[in-house]
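Novice: Could you look at this predicted model? Sequence included:
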Amino acid sequence: MDIVSLIISSDAPDYTLRLLSAAIMGGVIGLDREKHDRPAGLRTHMMTAMAAAIFTILTMELHETFIEKGAHGTADPIRIVEAVTAGVAFLAAGAIIQARGEVKGLTTGAGMWLAGALGVACGTENYLLAVIALALAAIILAAIRPLESRFGERSDNQKDDVGGPSGNDTPGE
């Protein structure tokens with residue numbers, strides 16, 4: 001089956017709606033953070049929300065598949081998603097804290113988490129979900145930067161993965 005017929009005859013509209021909704025909702029939070037010049041901005045929140053949506057969709061589909069096949073015993077396919085999520089989160093945290101005193105690597109951390117979600121999607125043969133998420137991630141990373149620049153006041157060399165001037169959040173914000 002070619003990709004066009006797969007998209008037309010499948011869950012593409014549902015996946016797109018779910019992922020786009022997550023990206024938009026994450027973006028609303030990220031836009032607020034961007035306006036307040038906080039370390040994690042628009043793209044970081046959008047990618048994090050979209051990765052969470054992918055993990056959720058995959059978990060739900062794995063559960064349905066497990067039940068449909070009448071699997072018995074102690075096997076639990078959801079543990080796969082939990083293990084991958086924990087492992088990727090550990091790697092992403094390492095990317096974030098390696099800057100020693102400065103908040104760097106947030107978009108990289110979100111991207112790593114998204115990459116983990118894409119890996120799980122491909123591993124469970126959810127290629128369509130992975131392709132849609134990848135396309136949306138590419139748009140977020142490339143096309144959202146001008147919007148970030150418009151609302152944030154950080155310089156271009158600080159934009160991608162660096163926090164605001166001090167990198168500190170004030171309590172309650």
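Specialist: Looks like it came in fine. Being a predicted model, the structure only gives us computed values, none of them experimental. Residues are numbered from 1 along each chain as shown.
Novice: mind checking pLDDT for residue 36?
Specialist: What the model reports for residue 36 is a pLDDT of 76.
Novice: State the number of residues packed around it.
Specialist: For residue 36, the count of nearby residues is 14 (other C-beta atoms under 10 Å). Glycine gets a C-beta too; all of them are placed from N, C-alpha and C.
Novice: Apart from its chain neighbours, what residue comes closest to residue 144?
Specialist: Leaving aside its sequence neighbours, residue 144 sits nearest to residue 43 (C-beta to C-beta, 6 or more residues apart in numbering; 5.1 Å).
Novice: quick one: that neighbour from residue 80, how far?
Specialist: 28 Å (C-beta to C-beta, to the nearest Å).
Novice: Who has more neighbours out of the two?
Specialist: Between residue 43 and residue 80, residue 43 has the larger neighbour count (other C-beta under 10 Å), namely 28 against 15.
Novice: is it true that residue 120 touches residue 57?
Specialist: No - if you go by C-beta atoms under 8 Å, residue 120 and residue 57 don't touch, sitting 10.0 Å apart.
Novice: what residues are up against the residue nearest to residue 144?
Specialist: When contacts are counted by C-beta atoms under 8 Å, 6 or more residues apart in numbering, residue 43 touches 30, 107, 110, 140, 141, 144, 145, 148.
Novice: Does it belong to a helix, a strand or coil?
Specialist: Under the three-state scheme (DSSP: H, G, I helix; E, B strand; the rest coil), residue 43 adopts helix.
Novice: Tell me how far it lies from residue 111.
Specialist: Distance of residue 43 to residue 111, given as C-beta to C-beta: 9 Å.
Novice: Great, nothing more from me.
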